[in-house]
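In: Sequence and predicted model, in that order:
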Amino acid sequence: MVKFQKLSKSKFQNLSLYLFFLFIAFIGILYGNSIKSNFLFLRIWDPINLAFLALGFPFLIIQRKTGIPDFLEKRISNNSRFLQPIIIGFLFGLLDIFVFKIILHPQPYEELPPFLQPFPYSLFLFFSGALEIEVFYRLIPLSLFLIFGNWFFQGKYHTTFFVIGAILTSIREPLEQLPQGSLILIIYCFTSGFIMNYIQAIYIKKYGFLATFSIRLSHYFLWHILLGIYVQFIELS
């Protein structure tokens with residue numbers, strides 16, 4: 001067992017930031033339960049979700065062994081860790097808004113659709129949702145895949161294993177979220193979802209978890225939060 005006092009500074013930073021993220025998710029659960037009587041459609045996390053997210057802790061200690069940088073690795077600039085990922089996430093968010101809101105649903109909503117939630121609760125819910133996606137769709141599976149490849153081939157073919165792992169982890173989300181509708185819409189959702197996830201795989205490998213998390217958060221900020229604010233306070237007003 002790794003003793004707390006023997007953790008390196010980088011590992012301590014990984015664990016501390018991750019614990020802070022879980023705290024935000026916990027506050028979101030409390031907040032959601034406090035307002036659920038006001039909204040029939042409110043989506044609230046169960047505390048068991050936090051327990052599952054604890055599965056990510058061991059992988060935060062072995063980031064470097066998988067070839068994934070630590071959260072705040074000094075050699076990585078904030079431009080690569082935050083600015084570039086945020087711009088990428090915004091671009092995918094704008095694209096989704098253009099397709100699903102401007103083209104497919106230009107008329108005002110009569111109620112908040114399922115993918116939107118009331119503000120400011122939406123800040124907590126979609127932060128938690130982004131964290132869950134990045135832990136279970138990227139951090140854990142990609143780390144396991146790289147660890148296996150490093151162990152089985154004794155460090156050889158690391159890049160090949162990464163590319164295979166990146167492709168496999170990038171297919172999962174778009175396959176699970178394929179919409180009903182025209183073939184063009186299905187192709188768009190799968191293609192954009194795969195490309196975004198593959199870019200995220202590249203960013204977690206080169207710049208660490210905070211980079212891929214920033215892509216997801218900025219995408220959710222436009223697609224789920226800002227669009228939700230627009231629908232809630234303008235279209236439904």
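Out: Received the coordinates, thanks. Worth saying up front: this structure is predicted, and the values here are computed from it rather than measured.
In: where in this protein is pLDDT low?
Out: 1-6, 155 (pLDDT under 70).
In: For residue 114, see how far away residue 80 is.
Out: According to Cβ to Cβ, to the nearest Å, residue 80 and residue 114 sit 35 Å apart. Where you see a C-beta, it was placed from the backbone N, CA and C, and this is true even at glycine.
In: nope, residue 7 is what I meant
Out: 41 Å.
In: Identify the residues contacting stretch 81-97?
Out: 192, 196, 199, 203, 207-208, 210-212, 214-223, 227 (Cβ atoms under 8 Å, 6 or more residues apart in numbering).
In: got the residue ranges for the helices in the chain?
Out: With DSSP state H as the criterion, the chain has helices at 9-35, 47-53, 57-61, 63-66, 78, 84-97, 121-134, 140-152, 158-176, 183-207, 209-220, 227-230.
In: Single out the most deeply packed of those helices.
Out: Highest mean neighbour count among the helices of the chain (mean count of other Cβ atoms under 10 Å): helix 209-220, with a mean of 25.
In: Helix 9-35 and that one, what's the angle between them?
Out: Relative orientation of helix 209-220 and helix 9-35, computed by axes from the mean of the first three to the mean of the last three Cα atoms, to 10 degrees: 30 degrees.
In: Looking at residue 80 and residue 114, which is more packed in?
Out: residue 80 (16 against 8; other Cβ atoms under 10 Å).
In: For the more buried one, give me its contacts.
Out: Counted by Cβ under 8 Å, 6+ apart, residue 80 has contacts 206, 207, 211.
In: how near is it to residue 93?
Out: Residue 80 is 20 Å from residue 93, by Cβ to Cβ.
In: same check, this time on residue 172
Out: On the measure of Cβ to Cβ, residue 172 and residue 93 end up 20 Å apart.
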